[in-house]
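Student: Fold the stuff below for me.
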Amino acid sequence: MTYIPVSRNTTRCWPPKAAAIQAVQACAGARRAAAFSPFSLRAARHGKGDGALTAGQALACIPRWARSPWMCCAFAVLACVAVMTATPAHAGRSCDSRKPVPAQVIERGMQLAAQTSAALDAEHARAGVRVVALARAGQDLSKYGLRYSHMGWAYKTPEGPWRVAHKLNECGTAVGHLYRQGLGEFFLDDLWRYEAVYAVPTPEVQQRLLAVLQDKGRTKTLQHLPYSMVSYAWGRKYQQSNQWALETLAMAMEPATVRSRDQAQAWLQFKGYEPTTLRLGPLTRMGGRVGSANIAFDDHPNEKRFSDRIETVTVDSVLAWMQRTQLGAAPVVLAIKN
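Tutor: So this is what the prediction gives:
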């Protein structure tokens with residue numbers, strides 16, 4: 001079982017708790033096929049979790065459907081994750097403000113992960129799908145006409161499980177790093193809405209993306225450390241999560257000519273990509289910039305910024321563009337009912 005940050009060391013400042021390690025070891029003993037689970041273990045060992053739940057409390061909340069050895073392993077891992085008082089990188093959240101994760105959040109996140117895994121496995125069995133654009137609804141963006149907040153590239157590994165390569169903001173700071181995670185971790189983020197969406201790229205796009213995603217060096221070629229949640233779609237000063245995913249797609253499609261962010265953006269403009277324009281007034285911009293290290297507007301052209309037009313890369317715009325240009329199929333929505 002692997003959890004591989006592409007651009008940084010996982011041994012962060014959070015030491016693993018003994019109870020967490022014991023739970024992982026006990027789970028591994030129950031089923032040695034942990035390597036075939038779509039849920040990552042190493043993150044739990046390194047304190048990559050949200051809030052604090054003891055292993056006993058987390059296991060007590062597991063429904064009957066999840067008590068098989070395979071799902072037992074997954075939930076034990078999440079119990080370990082939840083034991084940690086420190087929190088992982090998130091797409092624009094402060095670690096200090098995080099509270100202990102309720103058992104229901106863990107359970108529903110795991111349900112969505114299992115449902116997504118089953119759907120992607122069905123796509124693989126039916127049409128040999130190996131790569132999809134996968135997104136979640138981590139924040140309420142409805143006032144901007146947006147449904148999803150964060151995306152990455154999910155790919156099927158040779159061992160069987162699906163992994164997600166994506167960029168995460170480092171606890172509300174001004175930097176972001178690349179990670180490879182299991183589906184369980186991808187959805188264990190106290191989502192605003194327990195809904196996933198994926199889009200299947202064409203076979204050619206999948207083949208090109210898979211070659212990049214399986215190569216650690218190529219995956220981080222266009223990674224840019226400075227982070228802003230609303231980075232300018234055609235700028236290079238900052239880079240947010242969805243922007244990395246989109247620019248990496250451009251690099252995968254034209255590996256001989258796209259080797260930098262400006263070249264990737266030129267290709268995207270040539271292919272007709274249109275970023276989302278957020279209408280943010282001066283008070284909103286000032287409040288965001290003063291209150292959050294991971295929000296900046298100084299990379300946006302003055303004529304657009306001072307006319308309240310903030311152009312940034314969003315999940316909704318990427319999925320619409322992929323379908324419009326026939327780079328991918330229509331999005332498929334998966335949801336857990338309230």
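
Student: What sits closest to residue 231 if chain neighbours are left out?
Tutor: Nearest residue to residue 231, sequence neighbours excluded (Cβ to Cβ, 6 or more residues apart in numbering): residue 238, at 3.8 Å. Glycine gets a C-beta too; all of them are placed from N, C-alpha and C.

Student: Next one, pLDDT for that neighbour please.
Tutor: Model confidence at residue 238, given as pLDDT, is 98.

Student: Doesn't it belong to a helix?
Tutor: No - counting by DSSP: H, G, I helix; E, B strand; the rest coil, residue 238 falls outside a helix, being coil.

Student: List the contacts of it.
Tutor: Contacts for residue 238 (Cβ atoms under 8 Å, 6 or more residues apart in numbering) come out as 224, 226-228, 231-232, 296, 299.

Student: neighbour-wise, which of these leads?
Tutor: In terms of neighbours by other Cβ atoms under 10 Å, these top out with residue 231 at 30 neighbours.

Student: Residue 259 against residue 221, yeah?
Tutor: Yes - contact criterion Cβ atoms under 8 Å: residue 259 and residue 221 qualify, at 7.2 Å.

Student: rewinding a little: where does confidence bottom out across the contacts of residue 238?
Tutor: Note: of these, the lowest pLDDT belongs to residue 296, at 93.

Student: Just send the contacts of residue 238 back as CSV, with secondary structure and distance to residue 154 too.
Tutor: Formatted as CSV, these follow (DSSP: H, G, I helix; E, B strand; the rest coil; distance: Cβ to Cβ, whole Å):
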residue, secondary structure, distance to residue 154
224, coil, 22
226, strand, 26
227, coil, 22
228, coil, 25
231, coil, 23
232, coil, 27
296, coil, 29
299, coil, 29
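
Student: So residue 146 versus residue 320, what's the distance?
Tutor: Residue 146 sits 11 Å away from residue 320, going by Cβ to Cβ, to the nearest Å.

Student: And residue 266, by the same measure?
Tutor: 20 Å.

Student: The strand or helix carrying residue 333: which residues count as buried?
Tutor: When elements are assigned from DSSP states H and E, residue 333 belongs to strand 332-335. Within strand 332-335, the residues that qualify as buried by neighbour count (16 or more other Cβ atoms under 10 Å) are residue 334.
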